[in-house]
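Novice: just the structure for this:
(chains A, B and C)
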Amino acid sequence: MSYSESTIAILTILKQLPVGKVISYGEVAKLAGYPNGARQVVRILSSLSDTEHLPWHRVVNKQGQIALSGEGAFIQKALLEAEGVVVSDEGKIDRRFFVS
DNA sequence: CTGCTGACGGTTC
DNA sequence: GGAACCGCCAGCA
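Specialist: Sure, this is the predicted structure:
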């Protein structure tokens, strides 16, 4: 189970994400040292979220909207609200819930 | 090796 | 304010 450097860096950032806060894919990548690695973050969340126990639901796009469609978005919305994050009906999150 | 894909982002019109 | 386009890079057929 050895991951590439970028993967490990991204995993580290995600695990440090505080409860009740959200972050954008781009921010995660940026903090991990990969300014334009948003797509790698996406990959990691979709394929390693369960095995690495990542808070995948705390990651949304920069517009504060849930990037998933269908049930996934519904579940993410529920998980976020359970942590105190306010999500509008359209699945939009206010900037004040973003880290930094 | 080549090409396609994706839970994105920034710019442009 | 929003749609369209392009760039990004790792994984996979």
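Novice: show me what the residue most central in space within chain A is bridged to.
Specialist: Among the residues of chain A, A:Val59 comes closest to the average C-alpha position under CA atoms, centre = their mean, at 1.6 Å. Going by DSSP bridges, A:Val59 is paired in beta bridges with A:Ile23.
Novice: pretty sure it sits against A:Ile44.
Specialist: No - A:Val59 lies out of contact with A:Ile44 (CB atoms under 8 Å); the separation is 9.8 Å. From N, CA and C alone the C-beta is placed, and that goes for glycine too.
Novice: what sits in contact with each of those two?
Specialist: Here A:Val59 and A:Ile44 share the contacting residues A:Leu14, scored by CB atoms under 8 Å, 6 or more residues apart in numbering.
Novice: dump the residue contacts of the residue nearest to the centre of chain A.
Specialist: Contacts of A:Val59 were listed using CB under 8 Å, 6+ apart, and they are A:Leu14, A:Leu17, A:Val22, A:Ile23, A:Ser24, A:Tyr25, A:Val28, A:Val41, A:Leu45.
Novice: need the residues you listed in CSV (columns: distance to A:Ser100).
Specialist: Formatted as CSV, the contacts of A:Val59 follow (distance: CB to CB, whole Å):
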residue, distance to A:Ser100
A:Leu14, 15
A:Leu17, 11
A:Val22, 11
A:Ile23, 8
A:Ser24, 10
A:Tyr25, 15
A:Val28, 12
A:Val41, 16
A:Leu45, 19
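Novice: near DNA strand B too, which of these?
Specialist: A:Ser24, A:Tyr25, A:Val41, A:Leu45 (CB under 7 Å from any atom of the strand).
Novice: against DNA strand C, how distant is the last one?
Specialist: With distances defined as CB to the nearest atom of the strand, to the nearest Å, the gap from A:Leu45 to DNA strand C amounts to 12 Å.
Novice: got the buried residues for the helix or strand harbouring that residue?
Specialist: Using DSSP states H and E, A:Leu45 sits in helix A:38-48. Buried residues in helix A:38-48, counting neighbours by 16 or more other CB atoms under 10 Å, are found at A:Ala38, A:Gln40, A:Val41, A:Val42, A:Ile44, A:Leu45, A:Leu48.
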